[in-house]
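> Just the structure for this:
(chains A and B)
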Amino acid sequence: MDLNSFLLMRHEISLLGIILLLIIAEIAIPDRKKSSILHLALLLFGIHTAVGFLPLEESFLFGGMFQSNEMIHFFKGVLNIGVFTLLLQSADWLEKNMMNQERGTEFFILLFASLLGMYFMISAGDFLMFFIGMEISTLPVAALAAFEIIKRESGEAGIKFILSAALASGVSLFGISMLYATNGSIYFEDILTTLTVSNLTLLGFVMFFAGLAFKISLVPFHFWTADVYQGAPIAIASYLSVISKGAAAFILMILLFTVLKPLMHIWENMLYILAIATMFIGNLFALRQENMKRFLAYSSIAQAGFILLGFMTGSQLGTATVVYFVTIYIFSNLAAFGVVQAISNQTGKENMKDYEGLYRTNPRLSLVMMLALFSLAGIPPVAGFFGKFFLFTAAASEGYYLLVFLAVVNVTISLYYYLLVIRAMFVRKGEDPIPFFENKLYMKLGLLITVFGILALGIYSPLYEYIYQISSVLN
Amino acid sequence: MDILSLFVIVPVLVILALVFTKDLKQARLVSMVGGLIQLGMAINLLFAYFRERAVNDSIMLFTRDVVWFEQFNIHYNIGVDGISVSLILLTSIIVLAGVFISWKMEELPKEFFISLVILSTGVYGFFISIDLFTMFVFYEIAVIPMYLLIGIWGSGNKEYSAMKLTLMLMGASAVLMVGILGIYFNSNADGGALTFNILEIAQVNIPLEAQKLFFPLTFIGFAILGALFPFHTWSPDGHASAPTAVSMLHAGVLMKLGGYGIFRVAMFLLPAGALEWSWFFIILSATGVIYGAFAALRQTDLKYINAYASVSHLGMVTFALLMLNKTAWNGAILQSLSHGFMTALFFALIGMIYGRTHTRDITKLGGLLKVIPFISVVYVIAGMALLGLPGFSGFVAEMNIFMGAFQQDSMFYRIATIVSISAIVVTAVYVLRVVGIMLMGPVKNEAYTQLEGTTWYEKTGILLLLIPIVGIGVAPLWISNLIMESLQPFIQGVLL
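Numbering: from 1, shown residues only, chains lettered A, B, ... in the order given. Prediction:
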């Protein structure tokens, strides 16, 4: 293996480099200058994100354990932008609460470690690499969820997350072992040729699927979501709902469309039911939420249900629409969480009622929130509309009109609760509205990136064309 | 830049200009200039259309086709025929009148005018689209600002009304989306490529089964916006809570999207489905016509009276469209135009009366003719137009509709037609009832003897709407011809 092929892992190597640099910085930088680590981490990760977009060839490493192609490469870039935006948005929180407790570096190291796991997970060429990646990506998040040690809810969130995640991983691993038992290999390439329908395979598949369904928080594996989101720091709730879910949906799609394609006639029926259940339960539970983090938790469960619609096709169209939707979803949800975080940082308020009259005191923040919610609800001309329309088109292309119909019913239900937030911000005047505050530069930048994404990704069609073109690798 | 894209670009520029305005004076000035430019563009378009039509006989003129999403064959594809031109003219007049009527919008003026302009952008875009996807995008852009417009600037039970209206209309668009996807995936039935282009799909013979399935979805999707019974319930509540200019734009323009969409998409693309289902929707429309009229008879709130009158009159539009012949269709489009002007005028007048007396309850009003003669006289004129007096636009439209309806000679059609016609009598009753209680008689409340006269901007707004009503009524032929010509391809397409 020469150096050139090693560069296939350049995302991973560079991120590992950043982690090591941060450890050195933690030791080297004197205590009174510790807050500069924040800027250092942001700078390094910014460079990492920018460099990551250099083109890459399609190839594999370690005898097929690690693979990369243009689509995986693109998606890693999207994840990078997402994490970068998230860091910008949480810089203020880190500076205020974490840096003075000297725990800022840990935050970055844990977060980057989790992202590193995601890289390996989506680049996996066999089930072993996949499982290791999934574990690396999950464990640090449990620590991060419990990061606000002074808050009891935060610790509770951490425990809840680690327990459910461990169970899910265990079940998933058991499923993988059954798949290995029936196929005699853990390499995706080999399994694709030998996979046949048998009871053991099906049992293995379902168990394996449950592990990923937990990460995407599909119904009925969604119970942890709202509690963990509510207790965890907002940055981590945002990370779970955006980056973690996005990456898991992506790898699930790759697996379903390649290795598990022989089982398609089985998993499409399963996904059909799961999609309906996830959409309805997510939406109906979101209707009555008062806490913004719980609200966004259920909204993100419902969004996961919509993603499943794109899975139903197993075609290039399906791949493209799913990647496109997830990309847009990352930006929209980051914007929503960003606003929640900005307000929580300044005032500590997290309930929908506290948002009443927000437009009259903080018009820009309210407009960002409105764009984000419109994008999540799928209202043109913002990006979310295009994402959803194309997903539904993909499902309709296979003749699933009933499913599409149920999905559009859900879009209408979801519009109701998104409008509740808009009502609080714009229509109501509120007795005690949040006073005007100026956001820090990093936060502004973080919100600006998401707004740009929400406005541009939809109308600017070449992005979709590009995604469509690169998603030919799966079929 | 082509003449049609300007109808999307100019409003966007107006919005950008509005963002930088500081107070009410600047905001309304910018909106007025924007409205005047749009009216100028619409009139210019009308004459350009006449000139072009003389030498060019393709279905759509001034077309422009830009590929948008290549994979789905989505194009930004625009063009107009006589019907769209007349509806664009209607829109531009009502938008301008709406700006004049909102001259004293004190609360968040900038945001109000921005929302109003976003709404009109959506409407213009809808009328010029030939591509189903683009059309759908503009449709939703036109609907969503209604939530803020009613929620923030409305009155009464505004939160409830705004939510109800938005959810019902977005629910309608959701149903419509399934219909559109169904049409899209059947547009290759003759072996061509999948397309969203309306003119291309019209050439395709979509299988009968698919037409039967997707016609009701498409029809209902649009008809909810056109307040088809029993999906009309959003309309009275919405209108009652909305501020004046929003009621005007909504009843005057936005609800016309429904009829236009039914005609342009549901009927044109799924003719066999239309034949199959017409009996069912005729029953609903005729019920709506008569139900709306009787409901208006029993209301005491001026806005509710008008909202139910709209249900009745727009029921006639869907009724006429379902008659599937040229005369009735001509009547349907004329009715859309005429109702647009009349109802906008009504809502403007109601806004003025409410602004002075602070009540819309007709039982508390009386003798207004003595105190605010200008508004009252115009109210009577508008009422006469609404009940179909010859010389006004309403007569021309309803005449065409019922002449067309009588050309269908089966028993079922006859009964439906007679039921609908009888609504005209009820219309006369509820119009005269309001005139009698509210305008005639003694002044009931002492405070009302000292009401302000009309201001110049109110008069301008009124005149803008009154002129076309009389214009269409006195000289209907030019606009009727404009529409008739454009109906030709549809007749050939639908009534094989």
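
> Please count neighbours and contacts with C-alpha atoms only from this point.
Fine.

> so which helix or strand takes in the residue of chain B found nearest chain A?
Residue nearest to chain A within chain B: B:Ile152 (4.7 Å; CA to the nearest CA). Element membership for B:Ile152, per DSSP states H and E: helix B:145-153.

> same for that helix, what does it pack against?
Counting by 3 or more CA pairs under 8 Å, 6 or more residues apart in numbering or on different chains; DSSP states H and E, the packing neighbours recorded for helix B:145-153 are helix B:109-128, helix B:158-185, helix B:244-249.

> Make TSV out of the ones you listed and add mean pLDDT.
Output for the helices and strands packed on helix B:145-153, formatted as TSV (pLDDT from 0 to 100):
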stretch	mean pLDDT
helix B:109-128	91
helix B:158-185	91
helix B:244-249	88
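
> Point out where the stretch 101-250 of chain A drops to low pLDDT.
Of all residues in the stretch 101-250 of chain A, none has pLDDT under 70.

> where along it do the helices fall?
Assigned by DSSP state H, counting those that start in this stretch, the stretch 101-250 of chain A shows helices spanning A:104-123, A:127-145, A:152-183, A:188-194, A:199-216, A:223-231, A:234-239, A:245-257.

> Off-centre distance for the fourth one?
In this case it means helix A:188-194. 28 Å (CA atoms, centre = their mean, to the nearest Å).

> Could you pull up the residues touching the residue of chain A at minimum distance from chain B?
For chain A, the residue closest to chain B is A:Val427, as judged by CA to the nearest CA, at 4.7 Å. By CA atoms under 8 Å, 6 or more residues apart in numbering or on different chains, A:Val427 lies in contact with A:Glu356, A:Gly357, B:Leu148, B:Gly151, B:Ile152, B:Glu159.

> Then A:Leu116?
Contacts for A:Leu116 were tallied using CA under 8 Å, 6+ apart; they are A:Glu12, A:Leu15, A:Leu16, A:Gly133, A:Ile136, A:Ser137.

> From what I see, A:Lys215 and A:Ser244 are in contact.
Yes. At 7.1 Å, A:Lys215 and A:Ser244 qualify as touching, with contact defined as CA atoms under 8 Å.

> Residue 41 is in what secondary structure piece?
This is for chain A. helix A:36-51.

> try again with chain B
helix B:24-55.

> and the angle from that helix to helix B:109-128?
Computed by axes from the mean of the first three to the mean of the last three CA atoms, to 10 degrees, the angle separating helix B:24-55 from helix B:109-128 equals 10 degrees.

> Please name the strands paired to whichever helix or strand comes after helix B:24-55 in the sheet, noting orientation.
Counting by DSSP H and E, the element after helix B:24-55 in chain order, helix or strand, is strand B:61-69. Here strand B:61-69 is paired, per DSSP bridges, with strand B:74-80 (antiparallel).

> How many residues are close by residue 277?
I went with chain A, as the question did not name one. 17 (other CA atoms under 10 Å in any protein chain shown).

> Please refer instead to chain B.
The burial count for B:Trp277: 17, using other CA under 10 Å.

> separation between it and B:Leu213?
As judged by CA to CA, to the nearest Å, B:Trp277 and B:Leu213 stand 10 Å apart.

> Output the helices and strands packed on helix B:145-153 in JSON lines, with distance to chain A and mean neighbour count appended to each entry.
Shown next, in JSON lines, are the helices and strands packed on helix B:145-153 (distance: least, CA to the nearest CA, whole Å; neighbours: other CA atoms under 10 Å in any protein chain shown):
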{"stretch": "helix B:109-128", "distance to chain A": "10", "mean neighbour count": "25"}
{"stretch": "helix B:158-185", "distance to chain A": "5", "mean neighbour count": "24"}
{"stretch": "helix B:244-249", "distance to chain A": "16", "mean neighbour count": "28"}
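
> And those helices: which comes nearest A:Ala210?
For A:Ala210, the closest of the helices and strands packed on helix B:145-153 is helix B:158-185, at 31.0 Å, according to CA to CA.

> what about the closest residue to B:Phe374 other than its chain neighbours, which SS state?
Leaving aside its sequence neighbours, B:Phe374 sits nearest to B:Thr454 (CA to CA, 6 or more residues apart in numbering or on different chains; 7.2 Å). When classified by DSSP: H, G, I helix; E, B strand; the rest coil, B:Thr454 comes out as coil.

> Pretty sure B:Thr454 sits against B:Val378.
No. Counting by CA under 8 Å, B:Thr454 does not reach B:Val378; the two are 11.7 Å apart.

> Give me the more crowded residue out of these two.
B:Val378 (17 against 13).

> which parts of the one helix or strand that one maps to are buried?
For B:Val378, the host element (DSSP H and E) is helix B:373-386. Neighbour-count burial for helix B:373-386 flags B:Ile375, B:Ser376, B:Val378, B:Tyr379, B:Val380, B:Ile381, B:Ala382, B:Gly383, B:Met384, B:Ala385, B:Leu386 (criterion: 16 or more other CA atoms under 10 Å in any protein chain shown).

> Next, the contact list for the fifth one, please.
Contact analysis of B:Val380 by CA under 8 Å, 6+ apart lists B:Val435.

> Apply 10 Å and report the result again.
B:Phe346, B:Leu369, B:Leu386, B:Val431, B:Leu432, B:Val434, B:Val435, B:Leu439 (CA atoms under 10 Å, 6 or more residues apart in numbering or on different chains).

> now B:Lys22
Contacts of B:Lys22 (CA under 10 Å, 6+ apart): B:Pro109, B:Lys110.

> now the one 3 residues further on
B:Lys25 is in contact with B:Trp103, B:Lys104, B:Met105, B:Glu106, B:Pro109, B:Lys110, counting by CA under 10 Å, 6+ apart.

> in a helix, that's where the second one is, yeah?
No. Per three-state DSSP, B:Lys104 lies outside any helix segment and is coil.

> burial of it, as a residue count?
13.

> Equivalent analysis for A:Leu8, please.
21.

> likewise A:Phe205?
Around A:Phe205 there are 21 residues (other CA under 10 Å).

> where along the stretch 151-300 of chain B do the helices fall?
Going by DSSP H, counting those that start in this stretch, the stretch 151-300 of chain B shows helices at B:158-185, B:198-203, B:208-225, B:234-241, B:244-249, B:255-261, B:268-269, B:271-298.

> can I get these in CSV with distance to A:Gly52?
Below are the helices of the stretch 151-300 of chain B laid out as CSV (distance: least, CA to CA, whole Å):
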stretch, distance to A:Gly52
helix B:158-185, 37
helix B:198-203, 43
helix B:208-225, 45
helix B:234-241, 51
helix B:244-249, 50
helix B:255-261, 47
helix B:268-269, 48
helix B:271-298, 53
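
> Please identify which of these is closest to A:Thr49.
Set against A:Thr49 and scored by CA to CA, the helices of the stretch 151-300 of chain B come closest in helix B:158-185, at 37.6 Å.

> Off-centre distance for that closest one?
For helix B:158-185, the separation from the chain centroid amounts to 17 Å (computed by CA atoms, centre = their mean).

> report the angle between the axes of that helix and helix B:234-241?
140 degrees.

> Now do helix B:158-185: which elements does it pack against?
helix A:383-397, helix A:401-422, helix B:132-143, helix B:145-153, helix B:198-203, helix B:208-225, helix B:234-241 (3 or more CA pairs under 10 Å, 6 or more residues apart in numbering or on different chains; DSSP states H and E).

> That helix vs helix A:383-397, what angle?
Using the same axes, to 10 degrees, helix B:158-185 lies at 40 degrees relative to helix A:383-397.

> orientation of helix B:158-185 relative to helix A:401-422 in degrees?
Using the same axes, to 10 degrees: helix B:158-185 against helix A:401-422 is 150 degrees.

> on that earlier part again, hmm, the residue nearest to B:Phe374 is touching B:Met352, no?
Yes. Between B:Thr454 and B:Met352 a contact is recorded at 8.5 Å, counting by CA atoms under 10 Å.
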